[in-house]
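A.B. asks: sequence-free structure coming up:
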DNA sequence: CGGAAGTCTTGACACTCGTCAAGACTTTCC
DNA sequence: GGAAAGTCTTGACGAGTGTCAAGACTTCCG
């Protein structure tokens, strides 16, 4: 292969990947609005600037499209949660910042979060997504673990629970707040904040 | 009032209700195996001893069928969770019994539990189920609250968290265990047990 | 320019879905 | 027994689905 064709093919690959990502972003927007069960390929295409046929030009089938979306979503998740990890100098400050950030993203990015829970639930019934969902879930658990360990370190105390327990507890609070906030319960967000504030110290040994 | 509901109201109520319940049970079985997204009325009928047309004789439309199923499921939920409330005489005994029961139902009734989370998630996208789901969720929260208050009383200590926080925390642990257990993670159930055992005391004031 | 490769649209296909009407079968009751 | 009411099946409908092939349009490069 000559140098020229190599450059060309590389450029085409880049453009190809770029469009894939673009279509996945459109798909994510549609998915977060309608949910997995009610989102069709035509609906996704209609919310993009392309026709429905192009989806099969860039993705083999629906499963590959959704899987690609989930993986792209994961990257977005990581950045969002990583912003939560503040450069706190005291345990109390970290606790407050973390609680506030969780509450904020629960409110602002609610649609994306509910999509995540929707897809994680699909993995309970469909094998296709399970591996990717497990991987994302592990990433989120590690993210929580980083915050919790930092909190413990700043507190000068040891942790009393495992990584998975800490994640399960906090994720439960978050999911509950997400649901109730979407349902119009105005106490959901304050409850999330106080819940997180109360829970973090309980993860440490007394 | 539609023609269908008019016809329905003229029927012999008891037998009619009985068959409705029977069809709902079939539907619940199918739903718990396939999930909401992939369950069709024809599939439900095929897993019962009737044809698909009968569903529209007993239910106005799909939404009414699913709603009825959810409500029937709720009753099942209550009984299952109420069995968990042991006649414990000590805090430690209650804690152990509760953890063991949660672990057991997580393993044995996994399909039904994942259906519950599936439907609760649907309520995040579809208004139709939201009211019923909220009602069931409140029932579950109260059930957890009963156990937690009993635990606090037996411990002779006051509770440090609200009802919703306690429910959110424990539900998070349970949901995580359900997911990982279904995915084949053999540490899921032991982790759930130790997680519950560790968490309960932390709900009390120190 | 002109062919080639890449990109996108259009329209069709086979299928499944929820819904419902027509009628057959069963039970009830006089 | 027989009419009436209740119950269930069958078959069809229109709409929507994922998929894909044929071709039009665009970009690239000798």
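C.D. replies: In hand now; what should we look at? In this text the structure is predicted, and so the values were computed from the model without any measurement.
A.B. asks: all helices in chain A, in order from the N-terminus.
C.D. replies: For chain A, the helices defined by DSSP state H cover A:3-34, A:41-46, A:55-58, A:62-84, A:91-108, A:110-125, A:130-155, A:163-182, A:188-202.
A.B. asks: what would the ones you listed look like in TSV with distance to residue B:81 and mean pLDDT?
C.D. replies: Quick note: C-beta positions are derived from backbone N, CA and C, even for glycine. Output for the helices of chain A, formatted as TSV (distance: least, C-beta to C-beta, whole Å; pLDDT from 0 to 100):
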stretch	distance to residue B:81	mean pLDDT
helix A:3-34	32	77
helix A:41-46	38	96
helix A:55-58	44	95
helix A:62-84	32	85
helix A:91-108	27	94
helix A:110-125	20	95
helix A:130-155	25	94
helix A:163-182	16	98
helix A:188-202	22	98
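A.B. asks: any idea which of those helices is most buried?
C.D. replies: Mean neighbour count, computed with mean count of other C-beta atoms under 10 Å in any protein chain shown, is highest for helix A:163-182 among those, reaching a mean of 24.
A.B. asks: helices or strands up against that one?
C.D. replies: Other elements packing on helix A:163-182 under the criterion 3 or more C-beta pairs under 8 Å, 6 or more residues apart in numbering or on different chains; DSSP states H and E are helix A:91-108, helix A:110-125, helix A:130-155, helix A:188-202, helix B:163-182, helix B:188-202.
A.B. asks: could those helices be laid out in a markdown table, adding distance to DNA strand D?
C.D. replies: Formatted as a markdown table, the entries for these read as follows, by distance: least, C-beta to the nearest atom of the strand, whole Å:
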| stretch | distance to DNA strand D |
| --- | --- |
| helix A:91-108 | 28 |
| helix A:110-125 | 13 |
| helix A:130-155 | 17 |
| helix A:188-202 | 31 |
| helix B:163-182 | 25 |
| helix B:188-202 | 32 |
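A.B. asks: any chance of those helices in a markdown table, plus distance to residue B:64?
C.D. replies: Below are those laid out as a markdown table (distance: least, C-beta to C-beta, whole Å):
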| stretch | distance to residue B:64 |
| --- | --- |
| helix A:91-108 | 32 |
| helix A:110-125 | 23 |
| helix A:130-155 | 32 |
| helix A:188-202 | 29 |
| helix B:163-182 | 28 |
| helix B:188-202 | 35 |
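A.B. asks: nearest to residue B:106, of the ones you listed?
C.D. replies: Proximity of the helices and strands packed on helix A:163-182 to residue B:106 was assessed by C-beta to C-beta; the nearest stretch is helix B:163-182, lying at 5.3 Å.
A.B. asks: quick one, that closest one and helix B:188-202 angle?
C.D. replies: When axes from the mean of the first three to the mean of the last three C-alpha atoms, to 10 degrees is applied, the directions of helix B:163-182 and helix B:188-202 differ by 160 degrees.
A.B. asks: roughly how far apart are residue A:81 and residue A:109?
C.D. replies: If you measure residue A:81 against residue A:109 using C-beta to C-beta, to the nearest Å, the figure is 11 Å.
A.B. asks: residue A:76 touches residue A:115, doesn't it?
C.D. replies: No: counting by C-beta atoms under 8 Å, residue A:76 sits too far from residue A:115 to count as a contact (10.7 Å).
A.B. asks: got a list of what the residue of chain A found nearest chain B touches?
C.D. replies: Using C-beta to the nearest C-beta, the single residue of chain A nearest to chain B is residue A:172, 1.7 Å away. With contact set as C-beta atoms under 8 Å, 6 or more residues apart in numbering or on different chains, residue A:172 has these partners: B:168-173, B:175-176.
A.B. asks: now the residue lying closest to it once chain neighbours are set aside: how far from residue A:169?
C.D. replies: Closest residue to residue A:172 apart from its sequence neighbours, by C-beta to C-beta, 6 or more residues apart in numbering or on different chains: residue B:172 at 1.7 Å. Using C-beta to C-beta, we find residue B:172 at a distance of 5 Å from residue A:169.
A.B. asks: what of residue A:119?
C.D. replies: According to C-beta to C-beta, residue A:119 and residue A:169 sit 22 Å apart.
A.B. asks: same check, this time on residue A:96
C.D. replies: Spatial separation of residue A:96 from residue A:169 under the definition C-beta to C-beta is 18 Å.
A.B. asks: with residue A:131 instead?
C.D. replies: When distances are taken as C-beta to C-beta, residue A:131 and residue A:169 turn out to be 25 Å apart.
A.B. asks: can you check residue A:110 too?
C.D. replies: The value you get for residue A:110 to residue A:169, if C-beta to C-beta is used, is 21 Å.
A.B. asks: residues contacting the most centrally placed residue in chain A?
C.D. replies: Nearest to the centroid of the C-alpha atoms of chain A, with distances taken as C-alpha atoms, centre = their mean, sits residue A:77, at 3.5 Å. Taking C-beta under 8 Å, 6+ apart as the contact definition, residue A:77 lies against A:116, A:136, A:139-140.
A.B. asks: CSV for those, including distance to residue A:181?
C.D. replies: Formatted as CSV, those follow (distance: C-beta to C-beta, whole Å):
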residue, distance to residue A:181
A:116, 15
A:136, 22
A:139, 24
A:140, 19
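A.B. asks: closest to residue B:194 out of the helices of chain A?
C.D. replies: When those are compared (using C-beta to C-beta), the closest one is helix A:163-182, at 7.6 Å.
A.B. asks: centre of the chain versus that closest one, how much separation?
C.D. replies: Its chain's average C-alpha position is 13 Å from that of helix A:163-182, according to C-alpha atoms, centre = their mean, to the nearest Å.
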